[in-house]
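Engineer: sharing a sequence plus its predicted fold:
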Amino acid sequence: MKEGYSIGELARVAGVSVRTLHHYDGIGLLAPGSRNASGYRVYGEAELLRLQQILLYRELEVPLERIGAILDAPGHDLRAALLSHRRAIEEKRRRLGLLLSTIDRTVARLGGKERIMTDEELYEGFDKEEGARLGAETKERWGETEAYAQSRERLAKMSKGKWAEVRREGEAVDAACAAALASGSLPDSPAAMRLMARKVAHLRNFYEPVPELFRGLGEMYVSDPRFKANYERLASGLAEWMRAAMAAFADRGLREGSEGVGV
């Protein structure tokens with residue numbers, strides 16, 4: 001290696017900015033090994049190795065203040081640290097590979113090119129704890145219900161083309177509800193009831209949405225932050241509008257406004 005690098009040369013070699021190296025120096029994380037006769041920073045082998053450690057820890061999303069404490073701890077073993085980095089990056093590479101595969105299969109599923117993915121496949125590659133939580137939550141909430149069993153059975157039999165059609169209809173119903181809200185339609189108006197009948201018809205692709213279940217689904221659109229965010233993305237106040245409209249339709253026994261929509 002070179003005898004010493006200027007700050008600009010080190011920035012180019014390491015793929016970081018000069019500003020970043022100035023920052024690392026300013027916070028005491030990476031100081032130059034020496035300065036030349038003109039007073040410019042000079043970085044030697046020790047600094048190059050320390051910068052590599054810093055960048056490896058940053059790749060693993062360790063905060064800068066924590067990195068400094070690790071590197072300056074008494075008895076810090078560079079070789080052991082590198083081996084630890086390697087194991088962590090291998091695991092990250094494995095997870096990223098799974099995530100790429102999951103994304104590819106999900107895109108194919110949405111395009112009608114692959115069979116319906118299982119619950120487990122939907123979460124493959126995510127943090128194991130988070131994936132397990134999401135899958136378990138679905139089963140815990142609905143696993144003992146007839147609707148859950150119906151949904152599993154109907155999804156298993158659904159063709160690729162049918163799934164694409166069902167997905168498009170679900171998106172269209174939500175968009176129509178957002179338009180109804182924007183136009184000033186009240187949640188219990190005839191227009192809203194026709195939309196709720198259309199939503200029931202869509203849900204029947206998965207399970208029979210009895211009044212109690214339909215009402216509870218509307219409540220979840222507001223109480224669950226993930227569902228609420230999805231509807232609020234379409235229109236502000238849509239989650240609450242959906243809850244009120246679904247409750248009104250459930251009060252009518254899922255019958256009123258169903259004419260002409262196949263419910």
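Structural biologist: It's in.
Engineer: which strand or helix spans the residue lying closest to L78 once chain neighbours are set aside?
Structural biologist: Of all residues beyond its chain neighbours, the one nearest L78 is L49 (6.8 Å), with distances taken as CB to CB, 6 or more residues apart in numbering. To be clear about C-beta, it is placed using only N, CA and C from the backbone, and glycine gets the same treatment. Element membership of L49 [criterion: DSSP states H and E] is helix 45-59.
Engineer: which strands or helices does that helix pack on?
Structural biologist: Contacting helix 45-59 under the criterion 3 or more CB pairs under 8 Å, 6 or more residues apart in numbering; DSSP states H and E are the following elements: helix 7-14, helix 64-71, helix 78-110.
Engineer: average pLDDT for it?
Structural biologist: The average pLDDT within helix 45-59 is 91.
Engineer: how about the helices and strands packed on helix 45-59 in a markdown table, adding mean pLDDT?
Structural biologist: What follows is these, written out as a markdown table (pLDDT from 0 to 100):
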| stretch | mean pLDDT |
| --- | --- |
| helix 7-14 | 93 |
| helix 64-71 | 88 |
| helix 78-110 | 77 |
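Engineer: pick the most buried one from these.
Structural biologist: helix 7-14 (a mean of 16; mean count of other CB atoms under 10 Å).
Engineer: one step back: now the helix holding L49: how far from the chain's centre is it?
Structural biologist: 30 Å (CA atoms, centre = their mean, to the nearest Å).
Engineer: again, but for stretch 44-59
Structural biologist: When distances are taken as CA atoms, centre = their mean, stretch 44-59 is centred 31 Å away from the chain's centroid.
Engineer: equivalent analysis for stretch 158-165, please.
Structural biologist: 24 Å.
Engineer: same question, stretch 11-18
Structural biologist: Taking mean C-alpha positions (CA atoms, centre = their mean), stretch 11-18 and its chain are 31 Å apart.
Engineer: could you do stretch 150-162 as well?
Structural biologist: Centre to centre, stretch against its chain (CA atoms, centre = their mean), the figure for stretch 150-162 is 24 Å.
Engineer: buried stuff in it?
Structural biologist: S151, R154, L155, M158 (16 or more other CB atoms under 10 Å).
Engineer: mean confidence for it?
Structural biologist: Across stretch 150-162, pLDDT averages out at 72.
Engineer: which stretches of the chain form strands?
Structural biologist: In the chain, the strands defined using DSSP state E lie at 34-35, 41-42.
Engineer: could you dump the ones you listed to CSV with mean neighbour count?
Structural biologist: Supplementary listing: these in CSV, determined by neighbours: other CB atoms under 10 Å:
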stretch, mean neighbour count
strand 34-35, 11
strand 41-42, 19
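Engineer: got those strands as JSON lines, with distance to S223 columns?
Structural biologist: As requested, the strands of the chain are exported to JSON lines (distance: least, CB to CB, whole Å):
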{"stretch": "strand 34-35", "distance to S223": "62"}
{"stretch": "strand 41-42", "distance to S223": "57"}
